[in-house]
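Chemist: next input, structure requested:
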Amino acid sequence: MKSLFVVFFIATSAAFAQENVSDTELKQFAEAFTAIQEVNQRAQTEMINVVEQAGFDLVRFNELFEASQNPNLETTAATPEETKKFESVLARMEAMQGVFQKQMEDAVAKKGITVERFEQVGNALENDTVLQQRFQAMMEQ
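Modeler: Just a heads-up that it's a prediction; the model follows:
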């Protein structure tokens, strides 16, 4: 009985999600999605500049970053100078994150959709193939 309820709930949720995303909302979502991608591209460029301005090779910085996230990863140990530069770069990037987050939120709002609704539509897209097809068609226009 429980599995039947779960299947019914999932099927109902998927249908409900699709019904509740109008073409207008999906268009707003698509435009906001594109705007967020543009913010992300600018953010990546700015972060790369921060890494390079600190005197890091991008590959080496990424090695150190991955090692900081996974202590079991084998990598050449950082020199004291690299550690100091690495920590400085990370601090600058963390400070930049708030700015980029605000830019993304503003980009969403400018497209006429709230961040909350943007997230709801995004979640619906993960599970609804019909909605995914509508979104893909909209993005191709």
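Chemist: can you pull out the low-pLDDT segments for the protein?
Modeler: Scanning the chain for pLDDT under 70 picks out 1-19.
Chemist: show me where it has strands.
Modeler: Counting by DSSP state E, the chain has no strands at all.
Chemist: in it, which spans are helices?
Modeler: 2-19, 23-53, 58-69, 80-110, 115-127, 129-140 (DSSP state H).
Chemist: and the fifth one, how far from the chain's centre?
Modeler: If I follow you right, that is helix 115-127. Computed by Cα atoms, centre = their mean, to the nearest Å, the chain-centroid distance of helix 115-127 equals 13 Å.
Chemist: need the contact list for Lys85.
Modeler: 54-56 (Cβ atoms under 8 Å, 6 or more residues apart in numbering). Where you see a C-beta, it was placed from the backbone N, CA and C, and this is true even at glycine.
Chemist: closest to Glu94 out of the residues you listed?
Modeler: Ala54 (14.1 Å; Cβ to Cβ).
Chemist: and the closest one, how far is that from Glu82?
Modeler: Taking Cβ to Cβ, to the nearest Å as the measure, Ala54 falls 10 Å from Glu82.
Chemist: who has more neighbours out of these two?
Modeler: Glu82 (18 against 15; other Cβ atoms under 10 Å).
Chemist: next up, the contacts around the nearest residue to the more buried one once chain neighbours are set aside.
Modeler: Closest residue to Glu82 apart from its sequence neighbours, by Cβ to Cβ, 6 or more residues apart in numbering: Leu64 at 6.7 Å. Residues near Leu64 by Cβ under 8 Å, 6+ apart: 75, 78, 82, 86.
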